[in-house]
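A.B. asks: I would like the atomic coordinates for the input below:
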Amino acid sequence: MQILDFQESDYENYENFLENHNAELYQSLPWVKFQQNSPNNRQFWILVAQNKQKWLGTILLIKYRLPFGRSWFSVARGPIITNNSLEDQAQIWGLFLEKIRVIAKKEKAIFLRLELPINSHLKLSGKGWRKAHAHYFPEWSIKIDLTLSEENLLKQMKSKGRYNIKIAQKAVEIRVTAKEKDIHDFYEILKQTGGRDGFSIHEEAYYQALIHAANQDNWGEFLVAEYQGKIIGGIMVTFYSDTATYYYGASDYENRSLMAPYLLQWNAILAAKKRGLKKYDLLGIAPPDEPNHPWQGITRFKEKFGGEIVNYPLAKELIFRPIEYYYFRLLKWIRGSTRRLFSRKA
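C.D. replies: The predicted model follows:
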C-alpha cells in the first residue's frame with residue numbers, strides 16, 4: 001500500500017470515489033476550487049491511498065494561516081476510506097497521518113483538526129489528541145428524506161411548520177439569484193441574524209465568492225425572499241452527491257411575522273428533490289442533552305421540518321506544537337473577550 005499525491009489526471013477517479021462512498025462537499029474538488037479562489041486563497045493537499053492501482057482512501061487537507069508564519073490544518077468530513085476491516089481502515093489512516101506530519105512540519109502547522117464523516121469508526125486517541133476546542137461543522141444535525149413524495153414531506157413536518165409555509169406563501173416571493181447587490185443586501189441581514197442567534201460570520205467577500213462559485217459550477221443555489229420588492233431573507237444551499245445542505249441563512253427580524261424562512265427552506269427542499277437528491281441536511285442543531293445551548297432557537301425552527309436527528313463523531317485535534325497551540329488559544333480567548341466587552345458597551 002502507498003500514499004500518493006493527487007494529480008490532475010486523477011480528477012474523474014477522485015470524484016467517482018467520493019460519490020461511491022457518499023462523501024460530503026467539503027472533501028470534493030469543487031470545494032477545493034472555491035477555497036483556492038476565496039479571499040483567503042487557502043492552500044490544500046489531496047492524498048490518495050492505493051494498493052495495486054486500487055483506491056482505498058482519500059483525504060483533503062486545507063491549510064489555515066495564523067500569525068507569525070504559523071498555520072493549522074483542517075480535514076472536514078474526511079478521510080474517506082473504503083469499508084474494509086477496522087484494522088485496514090486504521091492502517092490507511094496511519095499512513096495518511098505519517099504524510100500529514102511531514103507536511104505539518106514543513107508548513108509550521110500547530111495542530112490538525114479532524115471532523116470525521118458520519119459513519120467513521122476511526123479511533124483518534126493517544127499522545128497529542130484532544131477534543132477540539134472549536135469546530136466548523138456541527139456534531140448534531142437533522143436530515144430530511146427527499147425520496148418521500150411532496151405530500152408526505154409536508155405530512156412528516158410539524159403542523160406549525162406547514163402552517164408557517166402557508167402564511168409565507170400569501171405575501172413572500174422566492175427567487176434564485178447570484179447578483180452582487182442581492183448578496184450584499186443578504187449580508188446586511190446576516191450581520192443582524194448572527195448577532196441575534198449567537199454565531200460568527202465571515203466578511204462579505206467570502207459570501208460573494210461562495211455564491212458565485214456555487215452558481216458557476218452548479219453545486220449550490222442562493223435563494224432570497226422578497227416582500228414588496230425588498231429582500232427580507234435568504235439561504236445558501238449546496239448540492240453534492242445525494243445530499244442538499246442548508247449552509248447559510250438569514251432573515252429580517254422586523255418582518256418575522258411573514259414567515260419567510262419557512263418558505264425559503266420549503267423551496268430549497270423542492271429544488272433538491274427536483275434534482276433527484278435523496279437527503280436535505282439542515283446542518284446543525286443543539287445537542288439534545290443541552291437545553292441551554294445557544295442554538296436552541298434555530299433548533300426549534302429546524303425541527304418543524306421533520307426529518308431524522310443524526311450525530312457525527314466528536315471533532316478532535318492533534319497538537320503538533322503544544323506550547324504554541326496554547327499560546328494561540330490564549331490570544332484567541334483575549335480577542336474574543338475584548339470583542340464581547342466592546343459589543344456590550346455599544
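
A.B. asks: may I see the buried residues of the strand or helix carrying K106?
C.D. replies: Using DSSP states H and E, K106 falls within helix 86-107. Buried residues in helix 86-107, counted by 16 or more other Cβ atoms under 10 Å: 88-89, 91-93, 95-97, 99-100, 103-104, 107. C-betas here are computed from N, CA, C, even on glycine.

A.B. asks: can you give me the offset of that helix from its chain's centre?
C.D. replies: When distances are taken as Cα atoms, centre = their mean, to the nearest Å, helix 86-107 is centred 23 Å away from the chain's centroid.

A.B. asks: next secondary structure element downstream of it?
C.D. replies: Next along from helix 86-107, by DSSP H and E: strand 109-115.

A.B. asks: tell me which other helices or strands that next one touches.
C.D. replies: strand 71-76, helix 86-107, strand 316-319, helix 322-345 (3 or more Cβ pairs under 8 Å, 6 or more residues apart in numbering; DSSP states H and E).

A.B. asks: the ones you listed: which one's closest to K54?
C.D. replies: Minimum separation from K54 across those (Cβ to Cβ) falls at helix 86-107, 11.9 Å.

A.B. asks: for the closest one, output the C-alpha coordinates as CSV.
C.D. replies: Written as CSV, here are the backbone C-alpha positions of helix 86-107 (Å, rounded to 0.1, in the frame of the first residue of the first chain):
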residue,chain,number,x,y,z
LEU,A,86,-11.4,-1.7,11.1
GLU,A,87,-7.8,-2.9,11.1
ASP,A,88,-7.3,-2.0,7.4
GLN,A,89,-9.0,1.4,7.9
ALA,A,90,-6.7,2.1,10.9
GLN,A,91,-3.7,1.2,8.7
ILE,A,92,-4.7,3.5,5.9
TRP,A,93,-5.3,6.3,8.4
GLY,A,94,-1.9,5.7,9.9
LEU,A,95,-0.2,6.1,6.6
PHE,A,96,-2.2,9.3,5.9
LEU,A,97,-1.1,10.7,9.3
GLU,A,98,2.5,9.9,8.6
LYS,A,99,2.3,12.0,5.4
ILE,A,100,0.4,14.8,7.2
ARG,A,101,3.0,15.1,9.9
VAL,A,102,5.7,15.6,7.2
ILE,A,103,3.6,18.4,5.6
ALA,A,104,2.8,19.9,9.0
LYS,A,105,6.4,20.2,9.9
LYS,A,106,7.2,21.9,6.6
GLU,A,107,4.2,24.3,6.9
